[in-house]
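In: sequence first, predicted coordinates after that:
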There are 2 protein chains.
Amino acid sequence: MIEYRNVRVALLGAGSVGSQVARLLLEHGDELAGRATAGLELVGIAVRDLDAKRDADLPRELFTTDAHSLILGADIVVELIGGLEPARTLVLEALGSGADVITGNKALLANHGPELFAAAEQVGAQLYYEAAVAGAIPIIRPLRESLAGDRVKRVMGIVNGTTNFILDRMDTLGESLEDALATATELGYAEADPTADIEGYDAAQKATILASLAFHTTVPLVAVHREGITQVTREQVVAARKAGYVVKLLAICERLVDTDGTDGVSARVHPALVPLGHPLAAVHGAKNAVFVEAEAAGDLMFYGAGAGGVETASAVLGDLVSAARRHVIGGPGLAESTHANLRVLPMGSVTTSYQITLDVADQPGVLATVAGLLAQHGVSVETVEQTSGVVSSGVTASSGVTGQGAGEATATLVIGTHPARESALAATVEALTTAAVVNSVTSVLRVEGA
Amino acid sequence: MIEYRNVRVALLGAGSVGSQVARLLLEHGDELAGRATAGLELVGIAVRDLDAKRDADLPRELFTTDAHSLILGADIVVELIGGLEPARTLVLEALGSGADVITGNKALLANHGPELFAAAEQVGAQLYYEAAVAGAIPIIRPLRESLAGDRVKRVMGIVNGTTNFILDRMDTLGESLEDALATATELGYAEADPTADIEGYDAAQKATILASLAFHTTVPLVAVHREGITQVTREQVVAARKAGYVVKLLAICERLVDTDGTDGVSARVHPALVPLGHPLAAVHGAKNAVFVEAEAAGDLMFYGAGAGGVETASAVLGDLVSAARRHVIGGPGLAESTHANLRVLPMGSVTTSYQITLDVADQPGVLATVAGLLAQHGVSVETVEQTSGVVSSGVTASSGVTGQGAGEATATLVIGTHPARESALAATVEALTTAAVVNSVTSVLRVEGA
């Protein structure tokens, strides 16, 4: 048995991830020491309530409510409290004391990343956050190190397990959004208040982190275009599969060239049609996956569990071993790289394709009018499918927009566009919505990964 | 523009990967410097033949035939010559001089890994080899660092693009092995002498590297059980799909407990039946993927291009940026971890399942006899499918083993076993081969990932 010098580890938080980190650290200490070339001594666990029930059986004497004192005696601080405060203050305190910090807190990084990275760099400490995006899946280190010699063009991630679980059930079982959400809540995949997941806030936080990392550019959370899945209907999902697509909530980070020729980046979260043959289409249930397109490496995908206490603990412990090794060797930590400092472009600058489904009057000249509207906005049509002879439903027919009587024959137009600027596509949809020959715009979905 | 201190990079070899590394380094030098916090100065490229044709247009003055002198003036040496010599000597020379070394040479690592790692550790240098396994896919760094806090149970990799291309064509297009190989050769996926690929030698080298890394244990190449794809028939592939499987050549590295209770590891390469729902089943064409099962993280998969000059160059350049950063910071490199030093167990100790297809006499008592043979060897049957009334083909019927006349009715038995020790399964197949009621053992394939 080799004797290693001890590195003092303080854990903040003992929730589902924190308690598993503590358990594994205590159970596999010797094994981890061999890899870290340092003993990993868990000096304490700071919690709000000493008597709360934990997911793992941990020694009572490790717990304390005094996070500040705990941090002062630590070489490495693991922050798994979540939320913005007191997490932010404690992480700044830890970095200020020269400790390396490991966090799985996506909200904290998405909102205060630059402040924290600057604090780390100032003292030569390092901030590790593999657990903050896609749980157990190694994606931060591959982007930060393995792909450091490449130029990332695009990152497309299924980074929210709850919404993937819901959309997957809508697709494979034909469930409604409401039913699928109810099941997700029942099985513990969705929280009592599912807003953060289904409205895309969680995915947007991850998009900020991924985009900043992939493009060596600070991409603020406010710059992330965000749409959730609440408007996705069973009908859309069924029609998508028939057309060879599956609906996924994607976090997309892209390198772009703006109309004025300047390089830029964008980040966005929205439901999208993904072709069935795309590797992301095969990501089922609550699994996560991040698809990366790089100039030299080509297409890569990283797949696995995006959440879960013990799964996420794996990512935290990987960071912990790295941090401990670094502590033994010494020297400044790896600073966050924002050297590229590209312009962050708004959603309107993104180039994408739309699939637009219209309920139109079944009469001569309608297709010509619709096609004309698209052409006016500089949007080129790739595919059109018209299903005639559909009798319009009461709701649409009685909407009165086009003055049709109930039961009048209508047709369904499904238009696939060529890639165009988002601003042009959005204006096209706006124009279609108010066009006389269009009863209603039934569905608008972006197509990604085609 | 920040001015960085320069790190001197020597490149050995300018083949398909080397020439792309040089090109990208020259083209993206400023960008890479920002990430490495060091200028990456390509001081020279050592080649055998100064006048050979290259894949990229590179400055003539960089080339030299004097690798030894080039190495002496370098901080980082990138070895992309391939093969054992002179690569081994040059890498040892570079490490001996204190330079960090980056290599994509799987044969070198599989045959001389421990010697090279020891040489690096002695001087505090680091040996990087992301490009040696699965080309562009980040798998070395995730195993070495991201999963350093976890315990890997199993690695299953499609790590040879040539064989995956061939098996995929047999599966999706119904081609014979010969036809698919001919296409692979034509398209440049297979070399003129395809032995290293189709006999599994290439995959076995990668299995050695993956197993050593995943289990923190030196797993020598001779300990890797190896079977290629040359015995795989179109009939097997068709029958596999009908039964819900796809045939893949897998490199499998497992942590095992031997019969005497000791922990051990094993590595093996062979064709296997993979259930269609398994993520590895969806890996098509010449793509690679590595599926990792870890105790805490659960199932992970890493997917992408396993070969190609520019793709593999991405992995080399990622290592180069890491090495340059390390050079700026100083301190000893990350040594190869073999602290676990587990026993390397032979193939007979592996636990797996077989799917055995038999051509048997269609008479009462045959199933009982066959089932009895399996039971004798301690192998438990999970599924049996009998197709009766098959008229035996001339070849089988005239083989005379069972004394049947031509055209006698035979039956096909497809037996799926429960997991059992490989030694017991092999002995069972041996006994079946010589059993009087068995005309022939048509197919034996291991089932993995079920």
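Out: Looks like it came in fine.

In: got the contact list for the residue lying closest to A:T162 once chain neighbours are set aside?
Out: Counting by CB to CB, 6 or more residues apart in numbering or on different chains, A:T162 lies nearest to A:D197, which is 3.9 Å off, once chain neighbours are set aside. To be clear about C-beta, it is placed using only N, CA and C from the backbone, and glycine gets the same treatment. Each residue near A:D197 by CB atoms under 8 Å, 6 or more residues apart in numbering or on different chains is listed here: A:160, A:162-163, A:190-191.

In: A helix includes A:D197, no?
Out: Yes - assessed by DSSP: H, G, I helix; E, B strand; the rest coil, A:D197 belongs to a helix.

In: I'd like the contacts of A:D197 as TSV, with neighbour count, pLDDT and secondary structure appended.
Out: TSV is the format used below for the contacts of A:D197 (neighbours: other CB atoms under 10 Å in any protein chain shown; pLDDT from 0 to 100; DSSP: H, G, I helix; E, B strand; the rest coil):
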residue	neighbour count	pLDDT	secondary structure
A:N160	31	98	coil
A:T162	24	97	helix
A:T163	32	98	helix
A:A190	23	92	coil
A:E191	12	91	coil
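
In: count of neighbours near the closest residue to chain B within the stretch 351-450 of chain A?
Out: Closest contact between the stretch 351-450 of chain A and chain B, by CB to the nearest CB, is at A:G449 (13.9 Å). Using other CB atoms under 10 Å in any protein chain shown, A:G449 has 21 neighbouring residues.

In: is it in contact with A:G277, as I believe?
Out: No - with contact defined as CB atoms under 8 Å, A:G449 does not reach A:G277; the gap is 9.3 Å.

In: circling back: and which of the contacts of A:D197 is nearest B:V78?
Out: Of all the contacts of A:D197, A:N160 has the smallest distance to B:V78: 39.5 Å, by CB to CB.

In: who's in contact with that closest one?
Out: Taking CB under 8 Å, 6+ apart, one finds A:197, A:200, A:202-203, A:206, A:249, A:251, A:288, A:306 in contact with A:N160.

In: sitting in helices, which of these do you find?
Out: If you go by DSSP state H, these have A:197, A:202-203, A:206 in helices.

In: show me where pLDDT drops low in chain A?
Out: Along chain A, segments meeting pLDDT under 70 span A:1, A:389-407.

In: and the helix or strand harbouring A:T208, does that touch chain B?
Out: Element membership for A:T208 (DSSP states H and E) is helix A:201-215. No - using CB under 8 Å from any CB of the partner chain, helix A:201-215 never reaches chain B; the gap is at least 11.2 Å.

In: can you check stretch A:21-39 too?
Out: Yes - interface with chain B: stretch A:21-39 contributes A:24, A:28, A:31-32, A:34-37 (CB under 8 Å from any CB).

In: A:V292 contacts A:L300, correct?
Out: Yes - the pair A:V292 / A:L300 is scored as a contact, 4.6 Å apart, by CB under 8 Å.

In: so what sits against both of the two?
Out: Here A:V292 and A:L300 have A:P142 as joint contacts, going by CB under 8 Å, 6+ apart.

In: distance from the helix holding A:T208 to the middle of the chain?
Out: For helix A:201-215, the separation from the chain centroid amounts to 6 Å (computed by CA atoms, centre = their mean, to the nearest Å).

In: next structured bit after that helix?
Out: Downstream of helix A:201-215, the first helix or strand assigned by DSSP H and E is strand A:225-226.

In: and that next one, what does it pack against?
Out: Applying 3 or more CB pairs under 8 Å, 6 or more residues apart in numbering or on different chains; DSSP states H and E, we find strand A:225-226 packed against helix A:201-215, strand A:263-275.

In: pick the most deeply packed of those.
Out: Among the helices and strands packed on strand A:225-226, helix A:201-215 has the highest mean neighbour count (mean count of other CB atoms under 10 Å in any protein chain shown), at a mean of 27.

In: who does it touch, helix- and strand-wise?
Out: Counting contacts by 3+ CB pairs under 8 Å, 6+ apart, helix A:201-215 packs against helix A:106-123, strand A:152-158, strand A:225-226, strand A:245-257, strand A:263-275.

In: give me phi/psi at A:E385?
Out: For A:E385, the backbone dihedrals (degrees, to the nearest 10) come out as phi -130, psi 120.

In: tell me the residues of the stretch 251-400 of chain A that contact chain B?
Out: A:279, A:282, A:294, A:296-305, A:308, A:310-311, A:313-322, A:325, A:329-332, A:334-335, A:337, A:339-340.

In: out of those residues, which sit inside strands?
Out: Among those, the ones falling in strands (DSSP state E) are A:294, A:298-305.

In: which of the residues you listed sit farthest apart?
Out: Farthest pair in these (CB to CB) is A:G298 and A:A305. Separation: 25.2 Å.

In: more neighbours: those two, which one.
Out: A direct count of neighbours by other CB under 10 Å for A:G298 and A:A305 places A:A305 higher, at 25 against 20.

In: quick one: residues contacting the nearest residue to that one once chain neighbours are set aside.
Out: Of all residues not flanking A:A305 in the chain, A:E311 sits nearest, at 4.1 Å (CB to CB, 6+ apart). Counting by CB under 8 Å, 6+ apart, A:E311 makes contact with A:135-136, A:304-305, B:296-298.
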